[in-house]
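3D model of this:
(one chain, ligands or ions: 2)
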Amino acid sequence: MTLRIERIPTLSDNYTYLLICGETGEAAIVDAPEAEPVIRRVDASGARVTKILSTHHHPDHTMANPELAKRYCVPVYGHVSDRERLAGFSDGLEEGDSVTVGRHLARVLFIPGHTRGHIAYVFEQDGALFSGDTMFAGGCGRLFEGTPEMMFAAFQKLAALPDDTRVYCGHEYTESNLVFAAHIEPDHVAIRDRLARVRAKRAHRAADWHDATPEEMTVPSTLAEEHATNPFLRAADAAEFGRRRALKDSFRG
Ligand code: ZN
Ligand code: FE
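Ligands and ions are numbered 1, 2, ... in the order given. Sure thing, here's the model as predicted:
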């Protein structure tokens, strides 16, 4: 069983994902702010789109939902509480629900904090987590609608997944996240090593993110890497998590 995961660079640093069931050719689009790059990738892949999965309501993850839903005649999933504000919304999900992409099953985790209706999609058999703007490679999303306690709890939930889970997040923010990580934990060798690796990857990047190739993408990481180097996963409790998030908000690398 194979779940093919294509990374589509959208806007200026967003990731849209196209998930294709290797057995049936059915596909899902995760977080789509722009239609055109997605349509091009769908056409090239020969996949048959059957649903759109949104992690949260922010426009940079949902703006193209209505156009894509209409084009492919498919439902748009999001957290049930975002019914009124998530572009193109049709089907509500809650913690513990599952959705399928062909023969592949994702479990829904409710992980509020960045927004109050944020969810993650976890394909356990395939070892893939779609974490939106909650857990980034080397960092975490801003607390727009939640408290440090909520986001800390969300991180604990994700942290419990297997170490080899690949983390597909919503933005290519890894380098600046690790600059911050190295700033607050200057003696941590694993962070410094990861920052060096990420910088090397990002050194020869396309002028336009839309033209990015896999060589310059630092996503996905693995949960093991995040355990070792993500300062928010390394926070001992919600208070420390909150202090680190507040520092990051005002940090100018
Ligand atoms: Zn967001
Ligand atoms: Fe975002």
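
ligand 2 contacts on the chain?
Residues of the chain lying near ligand 2 by CB under 5 Å from the ion: Asp60, Asp133, Gly170. Just so you know, the C-beta spots here come from the backbone N, C-alpha and C atoms, and that holds for glycine as well.

the last one: neighbouring residues, count only.
The burial count assigned to Gly170 is 28, neighbours taken as other CB atoms under 10 Å.

what helix or strand is Ala32 located in?
Assessed by DSSP states H and E, Ala32 sits outside every helix and strand.

which non-adjacent residue is nearest it?
Leaving aside its sequence neighbours, Ala32 sits nearest to Ala64 (CB to CB, 6 or more residues apart in numbering; 4.3 Å).

ok, the one you found - contacts?
Taking CB atoms under 8 Å, 6 or more residues apart in numbering, we find Ala64 in contact with Ala32, Pro33, Glu34, Ala35, Val38.

one more time with 6 Å
By CB atoms under 6 Å, 6 or more residues apart in numbering, the contact set of Ala64 is Ala32, Pro33, Glu34, Ala35.

if we can go back for a sec, ok, so of the residues of the chain next to ligand 2, who is nearest ligand 1?
Closest approach between the residues of the chain next to ligand 2 and ligand 1, by CB to the ion: Asp133, at 3.6 Å.

tally of neighbours for the nearest residue to the closest one once chain neighbours are set aside?
Closest residue to Asp133 apart from its sequence neighbours, by CB to CB, 6+ apart: Gly141 at 3.7 Å. Applying other CB under 10 Å, we find 27 residues neighbouring Gly141.

and the pLDDT for Gly141?
The model reports Gly141 with a pLDDT of 98.

distance check, it against Asp249.
11 Å (CB to CB, to the nearest Å).

so where do the strands sit in the stretch 51-200 of the chain?
All strands of the stretch 51-200 of the chain, identified by DSSP state E, counting those that start in this stretch, fall at 76-79, 91-93, 98-101, 104-110, 119-123, 128-132, 135-136, 139-140, 166-169.
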